[in-house]
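[1] Sequence below, structure please.
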Amino acid sequence: MSQTPTPAPDAKPRFTILGYGSYAESLRIGEILRKETVGGALLVAAAVIALIWANSPVSDSYFALRDFRIGYEPWHLELSLGAWAADGLLAIFFFLVGLELKREFVAGDLRQISKSIVPVAAAAGGVIVPALIYAAVNIYSPETLRGWAIPTATDIAFAVAVLAIIGSHLPSALRIFLLTLAVVDDLIAISIIAFFYSRDIQAAPLLLALIPLALYAFLAQRYRRFFGVHFMAAWGILLPLGVATWALVHASGIHATVAGVLLGFAVPVLRSKASGGPDAGPGLAEIFEHRFRPISAGVAVPVFAFFSAGVAVGGWEGLGSALADPVAIGIIMALVLGKPLGIMGTTWILTKATRARLDGSFKWIDVFGVSLLAGIGFTVSLLVAELSFGHGSLHDDHAKVGILAASLLAAILAAVVLRTRNRQYREAEEREKVDSDRDGIPDVYEHGNQA
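    Predicted structure coming up:
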């Protein structure tokens, strides 16, 4: 089990910015990282296929497929396949985000103020600074200024996939920190979507959505053990209520992915007393997370990426024109420079202005590497770009080019920094293991670093 190093006798009590975290939390984060590695690979593959197809001689077939409309018009659900992916499939991703958020704040390390205050503040800094940089670049263009929220989000699947590949020996605390940043980041992004990108709100369907949502919450809370034990019960009972909630929220004018978050929040995290209480095993939220994460990471997010990342660049001339657009410039600067500046700056200020401190197990360079990794804005950034400029518009296409270029650049820079640090941690771990074997002392950090 991992242990937090004991402070010096004269040290004052302080908030720990990045501690080792609980052993259970480290194991859980490690499991998420392993799952998201596959999801991240599928995400990248889907985006690459879309880009190649959209710029091939048969590109018309890609856009015809993306714009093909299907659904029931009287319910305002006759949507293009691209819109179904953004409004429908991505709601599954946000449902998982809702589950993760609630679990972190109810039963995870974030329920402790001393552990949550700094990553939450750092995530806020990582949202505010990129938004300000984008706004500064586009200050004289009200039309493009609408995209200020595009570079505020961190892509969980993409970022943790890169981290899992390049950082096998990095301290587990850094991985927990990245997940915390990304989860809080998504919460802020969801709030931005709900408040700034909802248009023509219709009160009637919004109020009607409360009925299936309330029934969904009641059943999930009251019969949590039943839904946890019987696999098909959730599909037959809760899923129709969830779909009804989603459809009514969609009809209300609020982006339908918000419904996914609300449904995630409605799922209980802790076991009921009848099932043995919190210490008897995973609650319904964790059970649902295990069931639905493969659907989200393996299907929903890659399909969304496939329909959203396809942009006709127009050769080198078109690429140069896209990258010269203030929209793309603002996004690249915001994600590659603004994210690490906001995260690092907020963390540094807290160490100077409060009693917060870095854990002795890592250095500022490690935090810098993770903050670079947080500059990978893909899934939610693509969604916000479409909401800002309209699907398929010129600014939307240029925003996609900026998002893809910035995410690739952030991943490369983070890989350079973190691979160097990963090698150093691996060598230190090997030396520590040799010393432990020689002295007959078990390595107390071994499990924590492998989580």
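[2] ok, now how distant is the residue most central in space within the chain from residue 189?
    Nearest to the geometric centre of the chain sits residue 156, at 3.3 Å (C-alpha atoms, centre = their mean). Distance, residue 156 to residue 189, by C-beta to C-beta, to the nearest Å: 11 Å. Just so you know, the C-beta spots here come from the backbone N, C-alpha and C atoms, and that holds for glycine as well.
[3] Also residue 387?
    Distance from residue 387 to residue 189, by C-beta to C-beta: 11 Å.
[4] Would you point out the helix or strand in this structure whose mean pLDDT is lowest?
    helix 446-450 (a mean of 43; mean pLDDT, DSSP states H and E).
[5] just for the stretch 351-451 of the chain, where's the confidence low?
    356-362, 429, 432-451 (pLDDT under 70).
[6] Let's see that with 50 instead.
    443-451 (pLDDT under 50).
[7] same deal with the chain?
    Looking at the chain by pLDDT under 50, you get 1-23, 443-451.
[8] any chance you could map the strands in it?
    69-70, 79-80 (DSSP state E).
[9] The closest residue to the residue nearest to the centre of the chain other than its chain neighbours and residue 415, how far apart?
    Spatial nearest neighbour of residue 156, excluding adjacent residues (C-beta to C-beta, 6 or more residues apart in numbering): residue 182 at 4.3 Å. Distance of residue 182 to residue 415, given as C-beta to C-beta: 17 Å.
[10] what do you get for residue 74?
    Residue 74 is 50 Å from residue 415, by C-beta to C-beta.
[11] pretty sure residue 386 is touching residue 85, no?
    No: judged on C-beta atoms under 8 Å, residue 386 makes no contact with residue 85 at a distance of 10.5 Å.
[12] Mutual contacts of these two, please.
    residue 308 (C-beta atoms under 8 Å, 6 or more residues apart in numbering).
[13] Show me what the longest helix seen in the chain is packed against.
    If you go by DSSP state H, the chain has its longest helix at helix 394-439. Judged by 3 or more C-beta pairs under 8 Å, 6 or more residues apart in numbering; DSSP states H and E, the packing partners of helix 394-439 are helix 156-166, helix 301-309, helix 315-324, helix 326-333, helix 364-373, helix 379-389, helix 446-450.
[14] okay, these in TSV with distance to residue 411 next?
    Output for those, formatted as TSV (distance: least, C-beta to C-beta, whole Å):
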stretch	distance to residue 411
helix 156-166	5
helix 301-309	15
helix 315-324	18
helix 326-333	13
helix 364-373	7
helix 379-389	14
helix 446-450	23
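[15] which one of these lies closest to residue 126?
    Taking C-beta to C-beta, helix 364-373 is the member of those nearest to residue 126, at 7.2 Å.
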